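> Here is a sequence with its predicted model. Questions after.
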Amino acid sequence: MAEVTEPAELSVVHELRRAVFVLEQGVSEAEEWDGLDGECRHWLAWAEDRAVGTARLRITGDVACVQRVAVAADWRRRGVGRALMAAVEDAARAAGCTRVQLGAQLTALAFYRRLGYSAHGPVFDDAGIPHRAMVKVWEAEL
Ligand SMILES: CC(C)(COP(=O)(O)OP(=O)(O)OC[C@H]1O[C@@H](n2cnc3c(N)ncnc32)[C@H](O)[C@@H]1OP(=O)(O)O)[C@@H](O)C(=O)NCCC(=O)NCCS
């Protein structure tokens, strides 16, 4: 697991996101490349010399948003997503954020619930895929 530090690594992030979101899930290129990558921190999970997972973190004030969480299809259900989320949450905590929020595809709700996220509000459409808002609040606030 490593945070992306070299601009060149962003092309690896994009390759993985294109495979998962654009090719597998049918998200349009226009929606996938939303112009916010430059405002985000990015992570890559590596296994057997290849990138198998990615996520990005966007911080606004004390609120952290995790977005674009994607694991290569042949590496799912092996702990990569959990490790990615742990790395991103550690960074959010270190940055002084008090909560992490995200928009979860309905098919990923159970994944995020296992990691301590709670869903709230109605189902909404994003890029043609039904989502719900989820949040995880740090223990200090409970
Ligand atoms: C959702 C996704 C990121 C999960 O990554 P992953 O590497 O497969 O998840 P992990 O193996 O780390 O799973 C962590 C836990 O969640 C559970 N889990 C993972 N996916 C799940 C699913 N679809 N339904 C129910 N539980 C799930 C695992 O069983 C595991 O539980 P455990 O540790 O208690 O045994 C991955 O399936 C993915 O990239 N999907 C396509 C893109 C996508 O939908 N991204 C989310 C956008 S909101």
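It's in. Residues are numbered from 1 along each chain as shown.
> Determine the longest strand present in this protein.
In the chain, with assignment by DSSP state E, the single longest strand is strand 50-60.
> Show me which residues of the helix or strand that comes right after that strand are buried.
Downstream of strand 50-60, the first helix or strand assigned by DSSP states H and E is strand 63-71. Under the neighbour-count criterion of 16 or more other Cβ atoms under 10 Å, strand 63-71 has 64, 65, 66, 67, 68, 69, 70, 71 buried. The way it works is simple: take the backbone N, C-alpha and C, and place the C-beta from them, glycine included.
> Look up the pLDDT of the residue nearest to the fifth one when sequence neighbours are not counted for me, please.
Right, residue 68. Leaving aside its chain neighbours, residue 68 sits nearest to residue 56 (4.9 Å; criterion: Cβ to Cβ, 6 or more residues apart in numbering). The per-residue pLDDT reported for residue 56 equals 98.
> before we move on, what about residue 138?
pLDDT recorded at residue 138 is 82.
> cool, residue 61 as well?
The model's pLDDT for residue 61 equals 86.
> how close does it sit to the ligand?
According to Cβ to the nearest ligand atom, to the nearest Å, residue 61 and the ligand sit 22 Å apart.
> do residue 75 as well
Residue 75 is 7 Å from the ligand, by Cβ to the nearest ligand atom.
> cool, and residue 20?
Residue 20 sits 5 Å away from the ligand when distances are taken as Cβ to the nearest ligand atom.
> Surely that residue forms part of a helix?
Yes - secondary structure assignment places residue 20 in a helix (DSSP: H, G, I helix; E, B strand; the rest coil).
> wait, it sits on residue 76?
No - counting by Cβ atoms under 8 Å, residue 20 does not reach residue 76; the two are 10.0 Å apart.
> Leaving out sequence neighbours, find the closest residue to residue 70.
Nearest residue to residue 70, sequence neighbours excluded (Cβ to Cβ, 6+ apart): residue 20, at 3.9 Å.
> The longest strand of the chain vs strand 63-71, what angle?
Angle, strand 50-60 to strand 63-71, by axes from the mean of the first three to the mean of the last three Cα atoms, to 10 degrees: 160 degrees.
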